[in-house]
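Participant: Quick one: sequence and predicted model below, then my questions.
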Amino acid sequence: MQRWCPQQLRHAGGLARSLFIYWRPGRQRGLKRLYQPFIVSNKPAFDIGAHLGDRSAAFNALGARVVALEPQPALAKWFKRMIKTSNVTLLPLAAGPTAGFAEIAISQSNPTLSTLATDWREQIGQRNAGFSQVRWEQRLRVPVTTLDQLISDYGEPSFIKIDVEGFEAEVLAGLSCPVAALSVEFVAGALEVTHACVNRLSRLGDYRYNVVAGEQRHFRWAEWQTPQAIIQWLGDGAEALPSGDLYACRDDHPHLLTTQ
């Protein structure tokens, strides 16, 4: 009989919790409804920080040619078990401002938490109570690409999802063109990262913004907000939301033309 050490048990337990959260029955229906305005059939969609693949599955169901990045071998293995289609390309890469290699830190007890952002990792436990018990026990050296390189290899995407635990602004630093739409994760205690993302996008083009709180699957506001309004919202503490995703739509996006 195989005996598991405590570290293996924590990893297995964390993975089981994540599988339940992200693949529970009915979740895909809400994700497809959320992403439908942004996904264009037969065009690429990028899933940066794909984790267990729930967003990639929704993009694929909506007809996208999905390019997913997940540098963790353990998560990539489960991704392949959950998603089996030729329209999804899974790459064992991280994304960043330049191509090369970097060290990723991984939480064994919650393996969907991993980051290349050293300062963020060292500070977030003191700044956000939800991370106070997170330990980053594992390190891996992983290859890094850029959004520009992915666009060169696969074409310009209709949507990019970025969920990389505090490294979102660095990922956007590797993008030099104003893509149609994207999302970046935000967490309380590190809203300066999201502020930097808005500043970066403003240098690339004219965007409007909306928010999805936590793991909800609907937008917080009926009207999309200006960069100035979002910067003010972030500066005021983002309504004390523990986490969520900030969505950015280029001002000429068809979705904005039908909702404004």
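Facilitator: Good, I have the coordinates. Residues are numbered from 1 along each chain as shown.
Participant: okay, now residue 27: neighbour count?
Facilitator: Other residues near residue 27 come to 16 when the count uses other C-beta atoms under 10 Å. Every C-beta, even on glycine, is put in place using the N, C-alpha and C of the backbone.
Participant: and the gap between the residue lying closest to residue 168 once chain neighbours are set aside and residue 190?
Facilitator: Leaving aside its sequence neighbours, residue 168 sits nearest to residue 184 (C-beta to C-beta, 6 or more residues apart in numbering; 4.2 Å). As judged by C-beta to C-beta, to the nearest Å, residue 184 and residue 190 stand 12 Å apart.
Participant: The residue nearest to residue 168 contacts residue 165, doesn't it?
Facilitator: No - in terms of C-beta atoms under 8 Å, residue 184 does not count as a neighbour of residue 165; the distance is 11.2 Å.
Participant: Residue 184 and residue 190: which has the busier surroundings?
Facilitator: Counted by other C-beta under 10 Å, residue 184 and residue 190 do not tie: residue 184 has more neighbours, with 26 against 22.
Participant: Can I take it that that one is in a helix?
Facilitator: No - the assignment for residue 184, made by DSSP: H, G, I helix; E, B strand; the rest coil, is strand rather than a helix.
Participant: Pick out the residue nearest the middle of the protein.
Facilitator: Residue closest to the mean C-alpha point of the chain, counted by C-alpha atoms, centre = their mean, is residue 163 at 2.0 Å.
Participant: show me where the protein has helices.
Facilitator: Per DSSP state H, the chain carries helices over the ranges 6-23, 27-35, 54-61, 73-82, 118-127, 147-154, 168-172, 191-204, 227-235, 254-259.
Participant: Check which residues of the fifth one are buried.
Facilitator: Residues of helix 118-127 classed as buried under the neighbour-count rule (16 or more other C-beta atoms under 10 Å) are 120-121, 124-125.
Participant: Go ahead and confirm residue 221 touches residue 213.
Facilitator: No - here residue 221 does not reach residue 213: they are 10.9 Å apart, not a contact under C-beta under 8 Å.
Participant: quick one, which of the two is more surrounded?
Facilitator: Neighbour count, other C-beta under 10 Å: between residue 221 and residue 213, residue 213 has more, with 15 against 11.
Participant: what about residue 100, how many neighbours?
Facilitator: 10.
Participant: Now do the same contact list for it.
Facilitator: By C-beta atoms under 8 Å, 6 or more residues apart in numbering, residue 100 lies in contact with 143-144.
Participant: Over to the one 5 residues further on?
Facilitator: Residues touching residue 105, when contacts are defined by C-beta under 8 Å, 6+ apart, comprise 114-116, 118, 121, 136, 138-139.
Participant: Let me see the confidence value for the nearest residue to it once chain neighbours are set aside.
Facilitator: Using C-beta to C-beta, 6+ apart and skipping the chain neighbours, the partner closest in space to residue 105 is residue 136 (3.9 Å). Residue 136 is assigned a pLDDT of 87 by the prediction.
Participant: Please report the distance of residue 136 from residue 154.
Facilitator: With C-beta to C-beta as the criterion, residue 136 and residue 154 are 31 Å apart.
Participant: give me the low-pLDDT residue ranges for the protein?
Facilitator: 1-24, 26, 260 (pLDDT under 70).
Participant: For residue 254, see how far away residue 184 is.
Facilitator: According to C-beta to C-beta, residue 184 stands 21 Å off from residue 254.
Participant: How about residue 164?
Facilitator: From residue 164 across to residue 254, the span is 28 Å (C-beta to C-beta).
Participant: what's the answer for residue 152, then?
Facilitator: Residue 152 is 25 Å from residue 254, where distance means C-beta to C-beta.
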